[in-house]
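Chemist: sequence and predicted structure, then a few things I'm wondering about:
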Amino acid sequence: MEQPGAMRVDDIVAAIVRRLTDRQRVVPEYIVRDAIEAALRRRAGDSELVPIDVAEELINGFCSGVTAVEDDSATMPAVLSGDETGRLMTALGLAVHVAAFNLDRDRLHVAQILNGAAAALVALGSAARAAHSDGTSAVLLSPATLRTARTTVIGVLQGLRDRGWQAHHLDQAGTAALFGGVLDMLGAVPPV
């Protein structure tokens, strides 16, 4: 029996996935469901019906910080050297590595990191191939790709600093220096 002023978990998950998709963020539904169910267990135990105020809080909380897609049509692509391209690829690969080691801790955040890193690596690889076929070493990256790469690197740093992610198998100072250097490099390209 439906309770007035209540939402089903399926509806909450669908609302979150829809809102994230509208902002061009792709997160698998099962990850969102796991995160919602974990949040509900911490609050009041298992329940299929969630009071509307709690449902709205969950939807807004999971989607906070996710902004709408920006219009990049008037922004020029950034030009990266071969060295800068390699540094960015290294940082994105390390981001995947760190995120994968923390999948059991923070699945929603990890899924966003993995998705962002994959998108940035695909775009970066395509841009590097285009540079190679043109006979240049200048890799052109769109503002959207730079923003995705920056968001991904920042997300991993937040995981390590603020979310209790583990990276004991890595040199902590070296990892932070690599990410910091890449963020500085990305800040030096035209603003996005």
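Modeler: Received the coordinates, thanks.
Chemist: other SSEs contacting the helix or strand containing Phe179?
Modeler: Assigned by DSSP states H and E, Phe179 belongs to helix 172-188. Packing partners of helix 172-188 (3 or more Cβ pairs under 8 Å, 6 or more residues apart in numbering; DSSP states H and E): helix 82-101, helix 143-162. Glycine gets a C-beta too; all of them are placed from N, C-alpha and C.
Chemist: just the angle for it relative to helix 82-101, thanks.
Modeler: Using axes from the mean of the first three to the mean of the last three Cα atoms, to 10 degrees, the inter-axis angle of helix 172-188 relative to helix 82-101 is 130 degrees.
Chemist: gap between helix 172-188 and the chain center?
Modeler: What separates the centre of helix 172-188 from the centre of its chain is 17 Å, taken as Cα atoms, centre = their mean, to the nearest Å.
Chemist: buried sites along it?
Modeler: For helix 172-188, a neighbour-count test (16 or more other Cβ atoms under 10 Å) marks 175, 178-179, 182-183, 185-186 as buried.
Chemist: would JSON lines of those residues with distance to Gly116 and pLDDT be doable?
Modeler: Shown next, in JSON lines, are the buried residues of helix 172-188 (distance: Cβ to Cβ, whole Å; pLDDT from 0 to 100):
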{"residue": "Thr175", "distance to Gly116": "18", "pLDDT": "85"}
{"residue": "Leu178", "distance to Gly116": "17", "pLDDT": "88"}
{"residue": "Phe179", "distance to Gly116": "14", "pLDDT": "89"}
{"residue": "Val182", "distance to Gly116": "14", "pLDDT": "90"}
{"residue": "Leu183", "distance to Gly116": "14", "pLDDT": "90"}
{"residue": "Met185", "distance to Gly116": "17", "pLDDT": "88"}
{"residue": "Leu186", "distance to Gly116": "13", "pLDDT": "84"}
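Chemist: lovely, talk soon.
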